[in-house]
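Colleague: Sequence below, structure please.
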Amino acid sequence: MTNHVISADGTRIAFDRLGAGPPLIVIGGILCDRETTRPLAEHLSEHFTVINFDRRGRGDSGNTAPYSVQREIEDIAALISHVGHKASVYGHSSGAGLALNAAA
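Modeller: Sure, this is the predicted structure:
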């Protein structure tokens, strides 16, 4: 079942929640949606509550112009808030850069 959070700028961000355990947010690369990262999310869900989401402008997530990295960091913050204000992140490709920026 697809879930949603609303980012700081009002953009609707779609995600799936899989598994149980400490929260882990999977951040896909620029060309990925949550279907691309689903096999990884399913594997990780054996040990974590995985939040596998569509980055803005991809899959079922909305997109509010203009684009900025800060908006994507706000999306991650909304997901972290949703899972209890604390989560680990795993980023793939450009998602790794977002994970580092969000952690900073």
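Colleague: contact partners of the lowest-mean-pLDDT helix or strand in the chain?
Modeller: Ranking every helix and strand in the chain by mean pLDDT, DSSP states H and E puts helix 94-103 at the bottom, with a mean of 93. Identification of contacts with helix 94-103 by C-beta atoms under 8 Å, 6 or more residues apart in numbering yields 26-30, 32, 55, 69, 72-73, 76-77, 89-91. (Each C-beta comes from the backbone N, C-alpha and C, glycine too.)
Colleague: Closest one to Ser45 out of these, please.
Modeller: Minimum distance to Ser45 across those is 9.9 Å, recorded for Val26 (C-beta to C-beta).
Colleague: quick one: what helix or strand has that closest one in it?
Modeller: strand 23-27 (DSSP states H and E).
Colleague: got the CA positions of that strand in PDB?
Modeller: What follows is strand 23-27, C-alpha atoms only, in PDB (Å, rounded to 0.1, in the frame of the first residue of the first chain):
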ATOM      1  CA  PRO A  23      13.800   2.900  10.600                       C
ATOM      2  CA  LEU A  24      15.900   3.000   7.400                       C
ATOM      3  CA  ILE A  25      15.200   5.400   4.500                       C
ATOM      4  CA  VAL A  26      16.300   4.200   1.100                       C
ATOM      5  CA  ILE A  27      17.200   7.000  -1.300                       C
END
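Colleague: Fine by me, we can end here.
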